[in-house]
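Chemist: Kindly return the folded structure for what I paste below:
(chains A and B)
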Amino acid sequence: MIAVTVSTSSAVLVGAVFLACAVEMVEALTIVLAVGHTRGWRSAFEGSALAILALGALVAVFGPALVHVPLNTLRLVVGGVLLIFGMQWLRKAILRSAGLKAKHDEDEAYAKAVAELSNAGPGVNRDRIAFVMAFKGVFLEGLEVVITVLTLGTSAHRLGLAASVAAVALVLVGAIGIGVSRQLSSVPENAMKMGVGVMLVSFGTFWTGEGLRVRWPGSDAFLLLFVALYLLVVWALVGLLRREAPTPNEVRA
Amino acid sequence: MNRFNALVRRGVVGFGRFWWDFLVGDTPELFLAVVATIVVVSLISVAAHASAVAVVVLPVMVITALVISVRRATRP
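Modeler: Numbers count the residues shown, from 1 in each chain, chains lettered A, B, ... in the order given. Purely as a prediction, here's the structure:
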């Protein structure tokens, strides 16, 4: 029973962290590639490297500190944050799947970043602009990864596993992304976002309950029921909204 | 010293703004729904010791919040 429980929660944890990191990495990589292709790779790499160092410092400071927070309080706070964060992701993914919100297009994001960088024009600030853009892109997307890893990892007492999975996801997506370069738009980002949203809301529900002394039948295995339940709700909502969807001309960006 | 204070103030404001955008942003209804869920479930589970009821109420409140938020976004 213990082995089944550990593997269930670990599998969901690994899946959630991996997908969340992959999605954020795709978005960050789009910006870095745009900076590199437009302004040169030196500033792109320097900005990215500083952002990764800053994110590493955040993990080093807040990771050990979170371990000292009483477990029930930690799970309640983390559960609440994951519920809000997960529902925000799910809401966006549902609206995009139903055609009520334009999908996040990496080609469009790439073109927008390139246009922004090209319009800045050459000058004394040229490298600074590229550096800041790469730093901001990696840091802001990476911050979501850090929050996901810290909250999921510390609450499950598997910070090491969460951090390792995140590192694997970042290296894997980074290597593939650099390989395919400008074809990041082919990544099924919305489906991944929906999967992450379902898992974050499942963990959020589970840990909010644990923090409030709710006894889940079957302990950690109850997580799987939440995953199935929320998938069903998302599927029903997308189906319902698709039937009510406006014509393509009315779709909001 | 003044520059240091201004820097600290900027840092605190930036930190607060990040968390406000992160947790509230353009979906305040989700933030409020989660706060309401925590209050209701704590009353049921901690105060009334009715854990079995909380097992049902918690996911139902989460699903209701999600449906309301999605409905709010699709309102003309």
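
Chemist: gap between the spatially most central residue of chain B and B:Phe22?
Modeler: Residue closest to the mean C-alpha point of chain B, counted by C-alpha atoms, centre = their mean, is B:Phe31 at 2.7 Å. Here the criterion is C-beta to C-beta, to the nearest Å. By it, B:Phe31 lies 10 Å from B:Phe22. C-betas here are computed from N, CA, C, even on glycine.

Chemist: Quick check: chain neighbours aside, which residue is closest to A:Ala113?
Modeler: Among residues not flanking A:Ala113 along the chain, A:Ala34 sits closest, at 3.6 Å (C-beta to C-beta, 6 or more residues apart in numbering or on different chains).

Chemist: who's in contact with the one you found?
Modeler: Residues near A:Ala34 by C-beta atoms under 8 Å, 6 or more residues apart in numbering or on different chains: A:109-110, A:113-114, A:117.

Chemist: near chain A, anything from the helix or strand of chain B with the lowest mean pLDDT?
Modeler: Scoring the helices and strands of chain B by mean pLDDT, DSSP states H and E places helix B:2-23 at the bottom, with a mean of 83. Yes. Contact between helix B:2-23 and chain A, assessed by C-beta under 8 Å from any C-beta of the partner chain, occurs at B:18, B:22-23.

Chemist: which helices and strands does whatever helix or strand comes next after that helix pack with?
Modeler: Later in the chain than helix B:2-23, the nearest helix or strand by DSSP states H and E is helix B:28-42. With contacts taken as 3 or more C-beta pairs under 8 Å, 6 or more residues apart in numbering or on different chains; DSSP states H and E, helix B:28-42 sits against helix A:71-97, helix A:189-211, helix B:51-74.

Chemist: Show me what counts as buried in helix B:28-42.
Modeler: B:29-31, B:33-34, B:37-38, B:41-42 (16 or more other C-beta atoms under 10 Å in any protein chain shown).

Chemist: Make a markdown table from those residues and add pLDDT to it.
Modeler: Shown next, in a markdown table, are the buried residues of helix B:28-42 (pLDDT from 0 to 100):
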| residue | pLDDT |
| --- | --- |
| B:Glu29 | 95 |
| B:Leu30 | 96 |
| B:Phe31 | 95 |
| B:Ala33 | 96 |
| B:Val34 | 96 |
| B:Thr37 | 96 |
| B:Ile38 | 96 |
| B:Val41 | 96 |
| B:Ser42 | 94 |
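
Chemist: Tell me the residues on chain A that lie near chain B, please.
Modeler: A:76, A:80-81, A:83-85, A:87-88, A:90-91, A:94-95, A:100-101, A:143, A:147, A:201, A:204-205, A:208-209, A:212-217, A:226, A:229-230, A:233, A:237, A:241, A:244.
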